[in-house]
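J.: for reference, the sequence and a predicted model appear below.
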Amino acid sequence: MKAITNSILVGCSLLLLSSCSKTELVDDNDTGLTDGPGVETSQPNTNYAPAFAGQTRVKAVRTTVAFQGTAISTGLTAPWGITALPDGRLLITQKAGTMRIATTSGTLSSPISGIPAVNSSGQGGLLGLCIDPQFASNRMIYWVFSENVTGGTQTSVAKGRLAQNEQSIENATVIYRAGPAYNGTLHYGGRILFDRTGNLIVSTGERSDLATRPLAQSVTSGLGKIIRINTNGQPAAGNPTFSAAGALPELYSIGHRNPQGLALHPTSGEIWQSEHGPRGGDEINRLQAGRNYGWPTITYGIEYSGSAIGAPIQQQNGLEQPAYYWDPVISPSGMVFYTGNRIAEWQNNLFIATLSGTHIVRLVVENNRVIGEERLLTSENQRFRDITQGTDNMLYAITDGGRLYRIDRS
């Protein structure tokens, strides 16, 4: 097993904040916020101005107790989603189309069979998952995957029962498909969770290409959306009503690019979401029912080629601003609010797995505003894909390279 420790290095530089447990830069009021710049020191891709103070590059925050990240397993194959089971073990999807169960000591089960075939090309595969709130009695699992259909592929949602012997999924059924299908392998979105009303929240991507990008703004399409459905795949009761003709009743919010993270705020129950921008403009959004989050009409990013996107504009009436954004990108993926008691100062903080950033972000959120940012496990140089809180109140994260990390005080 491999461990990294947050050792006490008083007076270390801002550039080394990810490897210190306490520094002289901490304010006198012990908030953990530094007086210096934020954690991002690279030049942005654009000169776009944020809509409000603290929307990007907030002050650095520093965990003041020692903690460590330990790679408890290196035997996974391209894991994508992770969630805790009631008994404390961890259920994990692997991109090629299998699930595994891991103990908190890192022992992996054999691959679980019975899952419908996935198209794992490009960004596709077996993606996010969640378990039923009544899993202890019904053993039901819900997951997102990229499915081959007539006309190409699409983001689909399925459910099934974990067999008592844990070797297979029984009666797997596709309950929802986000149309239209498209012949591409990018931007599936792919996270899923239960909201507090017992309905499923699903993120879908706009499939990346210029041909499909405008569909993020179309209420007759399931692409580039947050979807709210019941456990049978039907539109959930109480969904917002979009005014345009033919609006899909399962829509919760629109105007998303490639949303790969969903989390429920522990006190408000509101849905927070992470979203990949293009070149710049990765976002964290606080979702509100019926709102339009702007892509591709407004964005803080540019095309990969360096050219502008659209007008270009970053603000427009009727379009929501991100709660926070990054430029350059970090590629935020799965995320979770920490509600444990292992590290008290992390209470209600948002932890985000990042891909190109190769670290885990810690965001301090107060009154729906991000007030501090920290970067964890930077020295591991891993593409972190998802993160969850275990029943033991520790954090567990998976990486594209097949590692499972436990993150806890040392």
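T.: Sure, I can see it.

J.: and stretch 359-367, which residues are buried?
T.: Within stretch 359-367, the residues that qualify as buried are 359, 360, 361, 362, 363, 364, 365, counting by 16 or more other CB atoms under 10 Å. Quick note: C-beta positions are derived from backbone N, CA and C, even for glycine.

J.: in TSV: those, plus secondary structure, pLDDT and distance to residue 70.
T.: Compiled in TSV, these are given as follows (DSSP: H, G, I helix; E, B strand; the rest coil; pLDDT from 0 to 100; distance: CB to CB, whole Å):
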residue	secondary structure	pLDDT	distance to residue 70
359	coil	98	16
360	strand	98	13
361	strand	98	19
362	strand	98	17
363	strand	98	23
364	strand	98	24
365	strand	97	26
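
J.: which of the three states applies to the residue nearest to the spatial centre of the chain?
T.: By CA atoms, centre = their mean, the chain has its centre lying nearest to residue 261, at 1.9 Å. Here residue 261 is recorded as strand under DSSP: H, G, I helix; E, B strand; the rest coil.

J.: contact partners for it?
T.: The contact partners of residue 261, by CB atoms under 8 Å, 6 or more residues apart in numbering, come to 191, 203, 273, 274, 275, 332, 333, 334, 335, 352, 353.

J.: from residue 269, how far off is it?
T.: For residue 261, the distance to residue 269 equals 17 Å [CB to CB, to the nearest Å].

J.: quick one, what contacts residue 49?
T.: With contact set as CB under 8 Å, 6+ apart, residue 49 has these partners: residue 314.

J.: now it: phi and psi?
T.: phi -90, psi 140 (degrees, to the nearest 10).

J.: that one and residue 357, how far apart?
T.: 23 Å.

J.: and the residue nearest to residue 261 when sequence neighbours are not counted, what are its bridge partners?
T.: Leaving aside its sequence neighbours, residue 261 sits nearest to residue 274 (CB to CB, 6 or more residues apart in numbering; 3.2 Å). In this entry, residue 274 is beta-bridged to residue 261, residue 284, by DSSP bridges.

J.: distance check, residue 53 against residue 59.
T.: Distance from residue 53 to residue 59, by CB to CB: 11 Å.

J.: when those two are compared, which one has more neighbours?
T.: A count of neighbours by other CB atoms under 10 Å puts residue 59 above the other of residue 53 and residue 59, at 21 against 8.

J.: okay, now residue 90: neighbour count?
T.: By the criterion of other CB under 10 Å, residue 90 has 25 neighbours.

J.: find the nearest non-adjacent residue to it, please.
T.: residue 102 is the one closest to residue 90 (CB to CB, 6+ apart), at 4.5 Å.
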